[in-house]
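Participant: Here is my input; please provide its structure:
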Amino acid sequence: MVKVLGPAMSMEASGQIGGVLVFSRWKGRPYARSLVKPSNPKNPAQVGIRSMLKFLSQAWKPLADEPKATWVLLAKDTNISPFNAYVAYNVRRWRENRNPAQSYPAAEASTALTVTQALTAGQRNILVGLTPSGATGIWGFVIFRSAASITDINWNLAIAVIPADGANAVSYTDAPLAAGTYHYRSAVIMTDGKVTVGCTDANATAT
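Facilitator: Numbering: from 1, shown residues only. Reported below is the predicted structural model:
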């Protein structure tokens, strides 16, 4: 960051010029920097993290008061909001190949459930249908995809994290896909963070 005085032949400037420089202010001082065009990379690790961040963000507001209250103390200890404490803690668990939890700390005491996974191939897409074996304590599902058989699930193979109420089947359309064979495996997210792999590896071929 370069400190400037009288930028662009003026007393103050803001915005970009020529697609090369950006003028702005930082702590009351004008400065200029090179224009950086944001990218939207979609490598597996970033897709996995973004999927979980989306799930956590959407799941916060509907949470009941009791689980929300458990994040207050952690938030005070780290001087952040309860929402940010909830996201930071659960993303850290996600990176450790553990499931997120609605309450702090994660109890991981529930009974692991299974899920029936059905794949329907289409043109440049594959429909993943998930039906849980029970309705108690299910918070969501994680769908993992790979070009090879998935023997061990890993967060960087996750392509979607889907909210669920445990009582109903859900589906996800994986698209667009290049023609080829893809392997899928799904896991159940329990409300207390219980780690459970819901089904075995299966594959389908998109045309």
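
Participant: got a list of what the nearest residue to residue 133 once chain neighbours are set aside touches?
Facilitator: Spatial nearest neighbour of residue 133, excluding adjacent residues (C-beta to C-beta, 6 or more residues apart in numbering): residue 114 at 4.6 Å. C-beta here means a position set from N, CA and C on the backbone, and glycine is covered the same way. Residue 114 makes contact with 132, 133, 188, 196, 198, 199 under the criterion C-beta atoms under 8 Å, 6 or more residues apart in numbering.

Participant: how close does residue 114 get to residue 199?
Facilitator: Taking C-beta to C-beta, to the nearest Å as the criterion, residue 114 is separated from residue 199 by 7 Å.

Participant: Same check on residue 111?
Facilitator: Where residue 199 is concerned, residue 111 sits at a distance of 16 Å (C-beta to C-beta).

Participant: ok, these two, which is more surrounded?
Facilitator: For the pair residue 111 and residue 199, the greater number of neighbours falls to residue 199 (18 against 10), based on other C-beta atoms under 10 Å.

Participant: what residues are up against the more buried one?
Facilitator: Under the criterion of C-beta under 8 Å, 6+ apart, the contact partners of residue 199 comprise 114, 115, 116, 117, 185, 186.

Participant: which of those count as buried?
Facilitator: Neighbour counting over the contacts of residue 199 (16 or more other C-beta atoms under 10 Å) leaves 114, 115, 117, 185, 186 as the buried ones.

Participant: of the residues you listed, closest to residue 161?
Facilitator: Within the buried ones among the contacts of residue 199, the smallest distance to residue 161 is 10.7 Å, found for residue 186 (C-beta to C-beta).

Participant: and the longest helix along the chain, which residues are buried?
Facilitator: Of all segments of type helix in the chain, defined using DSSP state H, the longest is helix 44-60. Of the residues in helix 44-60, those buried by neighbour count under the rule 16+ other C-beta under 10 Å are 44, 47, 48, 49, 51, 52, 55, 56, 59, 60.

Participant: pLDDT score for the residue nearest to residue 133?
Facilitator: pLDDT for residue 114: 81.

Participant: Could you check how far it is from residue 134?
Facilitator: As defined by C-beta to C-beta, residue 114 lies at a distance of 9 Å from residue 134.

Participant: was I right about residue 63 contacting residue 100?
Facilitator: No - counting by C-beta atoms under 8 Å, residue 63 sits too far from residue 100 to count as a contact (11.6 Å).

Participant: Tell me which of the two has more neighbours.
Facilitator: Neighbours of residue 63 and residue 100, each counted by other C-beta under 10 Å, are more numerous for residue 100; the result is 25 against 18.

Participant: which SS class is the closest residue to the more buried one other than its chain neighbours?
Facilitator: Of all residues beyond its chain neighbours, the one nearest residue 100 is residue 90 (3.5 Å), with distances taken as C-beta to C-beta, 6+ apart. In the three-state summary, residue 90 is assigned as helix, counting by DSSP: H, G, I helix; E, B strand; the rest coil.
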